[in-house]
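Trainee: Turn this into a structure:
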Amino acid sequence: MKSDAIKIGVEHAPHRALLYAGGLSDNNIKKPFIGIASSFTDLVPGHAGMRDLERQIEKGIHSGGGQAYIFGVPAVCDGIAMGHSGMRYSLPSRDLIADCVESVASAHQLDGLVLLTNCDKITPGMLIAALRLNIPSIIVTAGPSLEGHCKGETLTFIRGSSEAVGRYRIGEITLDKLQEMEHYACPTYGACQGLYTANTMACLTEVMGMSLSGCATASAVSAKKRRIAFDSGFIMAELVKQNICPRDIVTKDSLRNAIIMDLALGGSTNSILHLLAIAQSADIDLSLDDFEELSYKIPQIIKLDPSSTLTMTDFDNAGGIAGAIKTLYKQTPEFKNTKNIIGQTIEEIANFAWVDSSVIKPFNDPITSNPGLAILHGNLAPEGAVVKISGVDKDVFEFQGRAKVFNHEEDAMKAIVDDVVVAGDVVVIRYEGPKGGPGMREMLAPTSLLVGKGLGKKCALITDGRFSGGTRGLCIGHICPEACMGGVIGLIEDGDEIKININKRTIDLLVDEETLNKRKETFKPYKNDVPRGYLSKYQKSVSQANKGAIAQ
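Mentor: Here you go, the predicted model:
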């Protein structure tokens, strides 16, 4: 075992002395050392219930023949970090989490890992670490929250708070009603109830094979989730014995299966950043070309909040990821028969799955022939941009409007609040990319405000930043190159016409080449240099969004 490096031999008496100081017994020192990387924190509602899951995992590890050690990693709640400078730390925290897990597991020569996670950047951060370390590992995602209810109205986080702000500002609801809704929007701990980034990544983790079947959709407050936590710990000693490692499970085929599922479900656009980064950590060649290729072949088979009123609870009751696998497998040759961490194949999961086809639509009778996500190109995004098609009304798949340009999210928010942004506008928010931000902030606040004010079908919003999985409306993100790197988005001026065509997968600035060349001659990118601290390190090393926004 890897841990033999700190517990076998006379020369390791000092190591054993320290281990015994922690209460380790003579019997358990012979067992595999299994780390429980826990992202518990009271600050993040999606993680506040993890103490119980830690206990279940620990009991499972000890029952299965291992010795458990819990250690902590940071977690950021995107909802709480949203709309202010704190959001600059959200995406960078993914790489910080990976570094933390790698550091602790390597320093203490752990034999295996159970990675307890839930929210947006924590799950991909832990996957990146697992693939770097390549020691036996399994992911436990803590699960979604239950939906809220307020006087006969079913609420989710986005509809019950972010979009409700817009409804209040146009006089559709009172301040008392807004305050009532915010109290009931999130009635339990757990990840936000729709297919936002946290739940998207949980679903893709299960498809990739790094969590047990059913883990992605089981509610955070369910007995099912507690059983999955126990079982995940229980199998770890056997995984160590057989030396089954993440790179045995996460392959090019399993990553492409994850892309197929992402497209079929209409997941968060953030998943594209994360899958690219996960692939790089495993030395797997994955690019936007894979997303683009598959997007023409995969229809959308389910639509969840924020694009519909269905929630993760409905998805779980309809068969969850296993039901979606049953619907997709054998219907498209691109969906490969990979295996999960306990050796179950995609075919076996599909054969035993149950599916409610009124929720998870058949492959040959989908919600739409379009995928949930798409990659756009054009003179405005020569290296790509992303759109969540599932959140866009088909009436605005082709949209042309006049640019209103802002160099910061806060300026755009003020303009929307003050009614400066009107129907027919394309809101341009730039210098919010990985380097330009730095940190590539999410634009949930302005997009939710547009929807809440009734402009979701009448305006577009484009940015070199990114969007929350809870975003809906005509929103184009990850525009590459970003403004601070000389991207065309930095050359846009107020009043310029911008044309978006989702059917043709294009986004173009309708300004002639001669004019653009003149603008380039005098263009001086805005610099938002950070002099010190973690964001300074991140800004210096981070790649562009089309490469996964990875800090090297």
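Trainee: Strands along the stretch 51-200 of the chain, start to end?
Mentor: All strands of the stretch 51-200 of the chain, identified by DSSP state E, counting those that start in this stretch, fall at 67-72, 112-117, 137-141, 148-150, 153-155.
Trainee: Give me the buried positions along stretch 336-353.
Mentor: 336, 338-342, 344, 346, 349-350, 353 (16 or more other Cβ atoms under 10 Å). For every residue, glycine as well, the C-beta is placed using N, CA and C.
Trainee: Ok, stretch 152-171 next?
Mentor: Applying a neighbour-count criterion of 16+ other Cβ under 10 Å, one finds 155-169 buried in stretch 152-171.
Trainee: Test for you: state the pLDDT assigned to the residue lying closest to Ser63 once chain neighbours are set aside.
Mentor: If you skip the residues right next to it in sequence, Ser63 has Phe234 as its closest partner in space, 5.6 Å away by Cβ to Cβ, 6 or more residues apart in numbering. Taken from the predicted model, the pLDDT recorded for Phe234 is 98.
Trainee: Would you agree Phe234 is in contact with Ile61?
Mentor: Yes: here Phe234 reaches Ile61: they are 7.2 Å apart, a contact under Cβ atoms under 8 Å.
Trainee: more neighbours, the two?
Mentor: Ranked by neighbour count (other Cβ atoms under 10 Å), Phe234 and Ile61 place Ile61 first, with 28 against 19.
Trainee: wait, what's in contact with the more buried one?
Mentor: 34, 36, 67-68, 114, 233-234, 236-237 (Cβ atoms under 8 Å, 6 or more residues apart in numbering).
Trainee: Most neighbours among the residues you listed, please name it.
Mentor: Per-residue neighbour counts (other Cβ under 10 Å) across the contacts of Ile61 peak at Ile34, which has 31 neighbours.
Trainee: so that residue, which of the three states?
Mentor: For Ile34, the assignment made with DSSP: H, G, I helix; E, B strand; the rest coil gives strand.
Trainee: Read off the pLDDT value for it.
Mentor: In the predicted model, Ile34 carries a pLDDT score of 98.
Trainee: Give the burial count for the residue nearest to it when sequence neighbours are not counted, as a bare number.
Mentor: The shortest distance from Ile34 to any residue that is not its chain neighbour, by Cβ to Cβ, 6+ apart, is 4.3 Å, and that residue is Gly66. One way to gauge burial is a neighbour count; for Gly66, by other Cβ under 10 Å, it gives 26.
Trainee: Contacts only, for Gly66.
Mentor: 31-34, 111-112, 233, 236-237, 240.
Trainee: Could you let me know which of those residues ends up closest to Glu497?
Mentor: Nearest to Glu497 among the contacts of Gly66 is Gly112, at 56.5 Å by Cβ to Cβ.
Trainee: after the longest strand along the chain, next one along is what?
Mentor: As assigned by DSSP state E, the longest strand anywhere in the chain is strand 398-406. Toward the C-terminal end, the helix or strand that comes next after strand 398-406 (DSSP states H and E) is helix 409-417.
Trainee: other SSEs contacting that next one?
Mentor: Secondary structure elements in contact with helix 409-417, counted by 3 or more Cβ pairs under 8 Å, 6 or more residues apart in numbering; DSSP states H and E, are strand 398-406, strand 425-429, helix 444-452.
Trainee: Centre of the chain to that helix, how far?
Mentor: Using Cα atoms, centre = their mean, to the nearest Å, the mean C-alpha position of helix 409-417 is found 25 Å from that of the whole chain.
Trainee: Over to stretch 59-72?
Mentor: 28 Å.
Trainee: Over to that stretch now: how far is its first residue from its last?
Mentor: With Cα to Cα, to the nearest Å as the measure, stretch 59-72 spans 18 Å from end to end.
Trainee: the strands in the stretch 451-552 of the chain, which residues?
Mentor: 460-463, 474-477, 497-501, 506-509.
Trainee: Specify the angle between the third one and strand 425-429 in degrees.
Mentor: Going back to what we said before, that points to strand 497-501. Counting by axes from the mean of the first three to the mean of the last three Cα atoms, to 10 degrees, strand 497-501 lies at 90 degrees to strand 425-429.
Trainee: Could you spell out the sheet neighbours of strand 497-501, each with its direction?
Mentor: For strand 497-501, sheet partners with direction are given as strand 398-406 (antiparallel), strand 506-509 (antiparallel), following DSSP bridges.
Trainee: just the ones you listed: most buried one?
Mentor: Scoring those by mean neighbour count under mean count of other Cβ atoms under 10 Å gives strand 506-509 as the most buried, with a mean of 21.
Trainee: how about the helices in the stretch 101-250 of the chain?
Mentor: Taking DSSP state H, counting those that start in this stretch to define them, one finds helices in the stretch 101-250 of the chain at 122-133, 157, 163-169, 175-184, 197-208, 223-234, 236-242, 246-249.
Trainee: how about CSV for the ones you listed, with distance to Val392 added?
Mentor: Formatted as CSV, the entries for those read as follows, by distance: least, Cβ to Cβ, whole Å:
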stretch, distance to Val392
helix 122-133, 25
helix 157, 20
helix 163-169, 16
helix 175-184, 25
helix 197-208, 17
helix 223-234, 33
helix 236-242, 42
helix 246-249, 34
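Trainee: Of those, flag the one that's most buried.
Mentor: Ranked by average neighbour count under the criterion mean count of other Cβ under 10 Å, the helices of the stretch 101-250 of the chain are headed by helix 197-208 at a mean of 29.
Trainee: can you tell me which residue is nearest the centre of the protein?
Mentor: The structure's the chain has its C-alpha centroid closest to Thr197; by Cα atoms, centre = their mean the separation is 3.3 Å.
Trainee: dump the residue contacts of that one.
Mentor: Contacts of Thr197 by Cβ under 8 Å, 6+ apart are 78, 119-120, 268, 270-271, 468-469.
Trainee: Can you say which of those are buried?
Mentor: With burial judged by 16+ other Cβ under 10 Å, the buried subset of the contacts of Thr197 is 78, 119-120, 268, 270-271, 468-469.
Trainee: what's around the residue nearest to Phe40 when sequence neighbours are not counted, how many residues?
Mentor: Setting aside the residues directly before and after it, Phe40 is nearest to Met50 in space (Cβ to Cβ, 6+ apart), at 3.9 Å. Residues within reach of Met50, counting by other Cβ under 10 Å, total 26.
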